[in-house]
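J.: dropping a prediction and its sequence here:
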Amino acid sequence: MEPEIVRAAHQAARIMETKIKFQAPVKTGALRDSVKVVPRFTEKSVLLDIVSLNYGKYTDLGTGRYRTPASKRKNWNPRPGKGKGGIKPRFWTSITKSFRQSQINSLFTNAIRKIIKRQFNK
């Protein structure tokens, strides 16, 4: 993997981690403090994995009759209200499309431009 892409991935992970920590529900702060975004490199792509305490997935996607599959994740809901028969989802690990485009994609676009420029100047 090109060093520019690795640097961009680590920068993107830090930016995403900050955003997601802001969106995480806080009672004691343990969940928020546990949030980490870790880049994972495959042969053809970079994935940003979100890691947190085990119960984070329940506050994110809900439980019981409120449970939402990850594929149907919605925008962050800071005030889901009280649920009867389960936890209402907050979708606190959601990142909006505009945030991804403006923040994350621009890092990778700039990294790719540097790689192309370097290859062109050889």
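T.: Received it, and whenever you're ready, just let me know what you need. Here the structure is a predicted model, which means the values were calculated and not measured.

J.: after the helix or strand of the chain with the lowest mean pLDDT, next one along is what?
T.: Ranked by mean pLDDT, DSSP states H and E, the weakest helix or strand in the chain is helix 97-99, scoring a mean of 86. Per DSSP states H and E, helix 97-99 leads on to helix 105-120 as the next helix or strand towards the C-terminus.

J.: what residues sit buried inside that following helix?
T.: Across helix 105-120, burial judged by 16 or more other CB atoms under 10 Å covers 107-108, 111, 114. Where C-beta positions appear, they are placed from N, C-alpha and C, glycine not excepted.

J.: secondary structure class for Arg40?
T.: Per DSSP: H, G, I helix; E, B strand; the rest coil, the local secondary structure of Arg40 is strand.

J.: run through the bridge partners of it.
T.: Leu47 (DSSP bridges).

J.: how about it, what does it touch?
T.: Residues counted as contacts of Arg40 (CB atoms under 8 Å, 6 or more residues apart in numbering) are 46-49.

J.: which of these count as buried?
T.: 46, 48.

J.: thinking again about what came up before, which among the buried residues of helix 105-120 gets closest to Arg14?
T.: Nearest to Arg14 among the buried residues of helix 105-120, counting by CB to CB, is Leu107 at 10.2 Å.

J.: got the contact list for the closest one?
T.: Counting by CB under 8 Å, 6+ apart, Leu107 touches 8, 11-12, 15.

J.: looking at these, which one is closest to Pro80?
T.: Of those, the one sitting nearest to Pro80 (CB to CB) turns out to be Ile15, at 25.1 Å.

J.: so the closest one touches Ser102, yeah?
T.: No - using CB atoms under 8 Å, Ile15 makes no contact with Ser102, being 10.4 Å away.

J.: just want to know which of these two has more residues nearby.
T.: For Ile15 versus Ser102, neighbours defined as other CB atoms under 10 Å are more numerous around Ile15 (17 against 10).

J.: that's all I had, so thanks and see you.
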